[in-house]
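**Q** Predicted model and sequence below, questions to follow.
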Amino acid sequence: MTKVLIISRKSIHKLDDGRSVRIYETYKRIYKDTQVTILSLDKERSGTYPLDDNIREICLFDETAHKENKREAPLRILDEIEDILENDHFIKILVEMAKNSDVVVFEELHMASLIADERVEESLQGKDYAYGAHNIERDLLQDPHGRSKIERVALESVERNIASKYKKIFVCSRPDGDYLAKHSKAEIVFVPNQTEKVPAVTPAEKQKNKKMFFGNTNFTVSFVGSSHGPNLDACDFIIKELCYIFPNINFVIIGSISYAKAYEYKHFDLRSKNCFLFGLLEEGLKNLVIQSSDAMINPMFEGSGSNIKVLDAIKNDVMLITTSFGLRGYEEEAVECVTSGNTKEAFIETMRSQVPGGQT
């Protein structure tokens, strides 16, 4: 059986964010009927985790995780890449595992940069190896908070140089592929984010579940997120603005983001009565709550990676109202969606056009 080694800068076995789910779903699909090992770094623990019949993850403790960044925030990505390139213990293990693998994939720019190490480059001789470009890191510097010109120039240079060293590059979106094709002779393989759908509930079951979960059968929208900075901003937008603009709609917030907000809004009167904080849910229950919704919302205006919210919408066959930024890494055809501009005002207007009574 063909042996595939995926190199990831963070552990994925919890499958609790968009990045982890993307890696798992993508390589399960691409390397079906092979033996896949994901080698990753973890801030808290090491160990081996079976993810599927033919997929396992080996986590190594990240000794650099608790180091202070040597650079200011504008150059932090390059600082993180330098830490990986200086992690001699990790590189030695990677080299030995690469020698016993048929295919090696380096996830994201951080790990793709390892090809600059002579030991790694030598271990890849005669093998099929690829760069899994989750994002174009340079483009993420266009976040609303802004970044310095020096980081954009430095990252653009590093990204182009690393891409030029690969013969195959996986991308999630066609614009990313077009950009990398200009700076590399590599074969660009378009692998949009996808997932399998779960069985749907009947309309009657949906109404019963609404009554059970929310105490009413009002039009309901759900948002899923971890306690990640951009999710916190989106959650504040939902709780402090959308809930009051649309008082007859249930707003359901699922995931660890709910715990942060439950503590912040520990007195119920501080948030609207149409806001429901559900916290972390077991996968089956989470799907049931999402399927009790009439739509999912994804008011993301910044961040990195692909949003797990989109995968949840695809999996549960629920309409998605999203900013165009929140849809990055996905084909619009993959999910029933309505897309807004990347401002709060544009998202509110899109909501008005899609929900009952929104135009009043």
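**A** Here it is on my side, so go on. Numbers count the residues shown, from 1 in each chain.
**Q** Quick one: name whatever helix or strand follows the helix or strand of the chain with the lowest mean pLDDT.
**A** When each helix and strand of the chain is scored by mean pLDDT, DSSP states H and E, helix 137-140 comes last, with a mean of 58. Remark: after helix 137-140, the chain's next helix or strand is helix 149-163, criterion DSSP states H and E.
**Q** Can you give me the buried ones in that next one?
**A** Buried positions in helix 149-163, judged by neighbour count with 16 or more other C-beta atoms under 10 Å: 151, 152, 154, 155, 156, 158, 159, 162, 163. For every residue, glycine as well, the C-beta is placed using N, CA and C.
**Q** Name the helix or strand for the closest residue to the last one other than its chain neighbours, please.
**A** Pointing back at residue 163 there. Leaving aside its chain neighbours, residue 163 sits nearest to residue 184 (4.1 Å; criterion: C-beta to C-beta, 6 or more residues apart in numbering). Taking DSSP H and E as the definition, one finds residue 184 inside no helix or strand.
**Q** Relative to residue 355, how far out is residue 184?
**A** Taking C-beta to C-beta, to the nearest Å as the measure, residue 184 falls 44 Å from residue 355.
**Q** With residue 63 instead?
**A** 50 Å.
**Q** More neighbours: these two, which one.
**A** A direct count of neighbours by other C-beta atoms under 10 Å for residue 63 and residue 355 places residue 355 higher, at 19 against 12.
**Q** Residue 276 in helix, strand or coil?
**A** Judged by DSSP: H, G, I helix; E, B strand; the rest coil, the three-state class of residue 276 is strand.
**Q** Count the residues that sit near it.
**A** For residue 276, the neighbour count with other C-beta under 10 Å is 18.
**Q** Grab the nearest non-local neighbour of it.
**A** residue 252 (4.7 Å).
**Q** do the same with residue 301
**A** residue 342 (5.6 Å).
**Q** hang on, the earlier thing: other residues contacting the helix or strand hosting the residue nearest to residue 276?
**A** Element membership for residue 252 (DSSP H and E) is strand 250-254. If you take C-beta atoms under 8 Å, 6 or more residues apart in numbering as the criterion, strand 250-254 is touched by 210, 213-214, 216, 218-225, 235, 238-239, 242-243, 261, 272, 274-281, 286, 289-290, 293.
**Q** what do you get for stretch 48-55?
**A** 11-13, 15, 24, 27-28, 33-38, 56-59.
**Q** Mind checking which of those land in helices?
**A** Using DSSP state H, the subset of these located in helices is 24, 27, 28.
**Q** my guess is residue 245 meets residue 345, correct?
**A** No: in this structure residue 245 lies outside contact range of residue 345 using C-beta atoms under 8 Å: 11.2 Å.
**Q** Give the residues shared as contacts by those two.
**A** Joint contacts of residue 245 and residue 345 (C-beta under 8 Å, 6+ apart) do not exist.
**Q** And the residue nearest the centre of this structure?
**A** Geometric centre of the chain, nearest residue: residue 18, 2.5 Å, by C-alpha atoms, centre = their mean.
**Q** show me the contacts for the residue nearest to residue 301.
**A** Contacts of residue 342 by C-beta under 8 Å, 6+ apart are 301, 323, 324, 325.
**Q** What ranges in the stretch 251-360 of the chain fall below the confidence cut-off?
**A** Scanning the stretch 251-360 of the chain for pLDDT under 70 picks out the ranges 260-271, 303-306, 331-332, 357-360.
**Q** And the helices in it, which stretches?
**A** 257-264, 283-291, 308-316, 344-354 (DSSP state H, counting those that start in this stretch).
**Q** Please name whichever of those helices is nearest to residue 112.
**A** Nearest of the helices of the stretch 251-360 of the chain to residue 112, taken as C-beta to C-beta: helix 308-316 at 22.6 Å.
**Q** Quick check: which helices or strands does the closest one pack against?
**A** helix 18-30, strand 220-224, helix 283-291, strand 295-298, strand 320-323 (3 or more C-beta pairs under 8 Å, 6 or more residues apart in numbering; DSSP states H and E).
**Q** tell me the angle it makes with strand 220-224.
**A** On the basis of axes from the mean of the first three to the mean of the last three C-alpha atoms, to 10 degrees, helix 308-316 is oriented at 130 degrees to strand 220-224.
**Q** in helix 308-316, what's buried?
**A** For helix 308-316, by 16+ other C-beta under 10 Å, it's 308, 309, 310, 311, 312, 313, 314, 315, 316.
**Q** what's the first one in contact with, if anything?
**A** When you say that, I think you mean residue 308. Neighbouring residues of residue 308 by C-beta under 8 Å, 6+ apart: 17, 18, 21, 224, 225.
**Q** Likewise for the fourth one?
**A** Shown here is residue 311, whose contacts under the criterion C-beta under 8 Å, 6+ apart are 18, 21, 22, 25, 193, 195.
**Q** Compare the residues you listed and tell me which has the most neighbours.
**A** Busiest of the contacts of residue 311 [other C-beta under 10 Å] is residue 22, holding 27 neighbours.
**Q** can you tell me the average pLDDT over the host helix or strand of residue 80?
**A** Of the helices and strands defined by DSSP H and E, residue 80 is found in helix 76-85. Rounded to a whole number, the mean pLDDT of helix 76-85 is 85.
**Q** distance of residue 311 from residue 278?
**A** Residue 311 is 18 Å from residue 278, by C-beta to C-beta.
**Q** just to revisit the earlier point, thought residue 307 was touching the residue nearest to the centre of the chain, still the case?
**A** Yes: counting by C-beta under 8 Å, residue 307 is a contact partner of residue 18 at 5.0 Å.
**Q** Residue 19 is in contact with residue 134, correct?
**A** Yes: at 6.8 Å, residue 134 and residue 19 qualify as touching, with contact defined as C-beta under 8 Å.
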